[in-house]
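[1] Quick one, what's the 3D model for this:
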Amino acid sequence: MVRLKIITSMNYNATLNCMMHELPTDFPYEAPSGYRYRTAEFKPNVISIWCDHLNHYNFNSGATVSTIWGFVKFKTTKRGTTHTYHAPIRSNKIGKIVALDQTSAYSAMPLLKLSLDPTDDAPASVMINSSAKDTTMTTTTFNQDQAFYNSKEFSDYCAQKDAQNTNQLNVTKYGLMLCDALQQSHQRSHPNGQNYSYALISSGRKYHKVMQCVNGETESVHAFIDKKTGEVYKAASFKQPAKGVRFNLLIITEREFVLENCDWAGGYLYK
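    The predicted structure follows:
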């Protein structure tokens with residue numbers, strides 16, 4: 001009987017490990033065109049999900065370029081196995097729990113802004129006044145706003161916001177690719193050196209910081225990236241970029257140049 005229990009336990013653990021190395025059944029995305037999903041064990045109860053880029057890149061001699069999508073954390077109870085999705089802080093550090101409807105096919109990092117989030121230039125909401133003398137004005141305002149929501153101008157507004165959101169997601173994706181390229185650059189230059197890594201950190205409303213880390217501890221800011229435009233700046237200090245745009249990650253030729261020529265020391269950022 002004791003031997004039978006041991007065998008059952010081993011089979012259960014083997015089944016759990018097999019399940020953890022596959023995408024969960026509720027994972028909602030198909031890999032975008034030019035990408036594939038890959039899973040790897042991060043901890044005994046956590047898997048990491050990666051986006052492998054199937055395109056050929058010269059900066060790493062044709063090797064596969066991967067960016068971290070996020071993490072899945074499993075928990076086993078008497079009732080069964082449950083799991084939660086987590087955004088990445090960086091490729092080797094798990095972040096907070098995130099709802100799937102706040103993610104995209106490229107990353108579990110929460111979307112920076114939804115299409116209809118209120119902004120300064122968004123239509124003002126209708127204010128209802130119960131007083132008799134304001135009823136006509138309120139009805140007129142409501143009709144005018146309703147007409148605006150049904151108009152071509154509102155459709156254009158939504159399309160513009162969607163385009164802005166897509167740009168911001170792409171900027172984040174290309175920033176993560178830059179971090180991976182910088183880390184590979186340092187590994188090639190210092191194969192037996194300190195454990196350098198690079199992380200994309202959101203800094204305020206305008207910029208991402210590309211942080212240079214040593215043994216998991218922040219050492220300096222490598223560069224600043226404008227969240228909306230993809231413009232790359234050399235760091236003037238820990239808190240602000242230097243004047244003058246160096247590159248724009250949303251421009252294909254400039255992005256390919258950056259990924260091919262970036263170096264951990266930051267020489268490519270000098271004009």
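[2] all helices of the stretch 151-271 of the chain, in order?
    In the stretch 151-271 of the chain, the helices defined using DSSP state H, counting those that start in this stretch lie at 152-189, 252-261.
[3] Deepest-packed of these, please.
    helix 152-189 (a mean of 17; mean count of other Cβ atoms under 10 Å). C-beta coordinates here come from the backbone N, C-alpha and C atoms, glycine included.
[4] What is that one packed up against?
    If contacts are counted by 3 or more Cβ pairs under 8 Å, 6 or more residues apart in numbering; DSSP states H and E, helix 152-189 sits against strand 65-77, strand 196-203, strand 207-214, strand 217-226, helix 252-261.
[5] Swap in 6 Å and give it another go.
    Counting contacts by 3 or more Cβ pairs under 6 Å, 6 or more residues apart in numbering; DSSP states H and E, helix 152-189 packs against strand 196-203.
[6] ok so, going back, so which of the helices of the stretch 151-271 of the chain is nearest Pro241?
    helix 152-189 (13.8 Å; Cβ to Cβ).
[7] gap between the closest one and the chain center?
    Centre-to-centre, helix 152-189 and its host chain are 8 Å apart (Cα atoms, centre = their mean, to the nearest Å).
[8] Stretch 199-209 too?
    The chain centroid and the centroid of stretch 199-209 are separated by 12 Å under Cα atoms, centre = their mean.
[9] got the buried residues for it?
    Ala199, Leu200, Ser203, Tyr207, His208, Lys209 (16 or more other Cβ atoms under 10 Å).
[10] got the CA positions of that stretch in PDB?
    Output in PDB follows, covering the C-alpha atoms of stretch 199-209 (Å, rounded to 0.1, in the frame of the first residue of the first chain):
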ATOM      1  CA  ALA A 199      14.500  46.500 -17.400                       C
ATOM      2  CA  LEU A 200      11.900  48.800 -18.900                       C
ATOM      3  CA  ILE A 201      10.400  50.900 -16.100                       C
ATOM      4  CA  SER A 202       7.400  53.300 -16.500                       C
ATOM      5  CA  SER A 203       8.600  56.700 -15.200                       C
ATOM      6  CA  GLY A 204       5.900  59.300 -14.800                       C
ATOM      7  CA  ARG A 205       3.400  60.100 -17.500                       C
ATOM      8  CA  LYS A 206       5.700  60.700 -20.400                       C
ATOM      9  CA  TYR A 207       8.700  58.400 -20.300                       C
ATOM     10  CA  HIS A 208       9.800  54.800 -20.000                       C
ATOM     11  CA  LYS A 209      13.300  54.400 -18.400                       C
END
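[11] I'd like to know the average pLDDT value across that stretch.
    The average pLDDT for stretch 199-209 rounds to 84.
[12] Below-threshold pLDDT in the stretch 51-200 of the chain: ranges please.
    57-62, 111-152, 154-155, 157, 193 (pLDDT under 70).
[13] how about a cut-off of 50?
    Within the stretch 51-200 of the chain, the stretches with pLDDT under 50 are 114-117, 119-135.
[14] From the buried residues of stretch 199-209, pick the one nearest Tyr106.
    Leu200 (12.9 Å).
[15] And the residue nearest to the closest one when sequence neighbours are not counted, how far from Leu169?
    Closest residue to Leu200 apart from its sequence neighbours, by Cβ to Cβ, 6 or more residues apart in numbering: Gly175 at 4.5 Å. Gly175 sits 11 Å away from Leu169, going by Cβ to Cβ, to the nearest Å.
[16] Switch the helices of the stretch 151-271 of the chain over to a markdown table; also include distance to Leu100.
    Output for those, formatted as a markdown table (distance: least, Cβ to Cβ, whole Å):
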| stretch | distance to Leu100 |
| --- | --- |
| helix 152-189 | 15 |
| helix 252-261 | 28 |
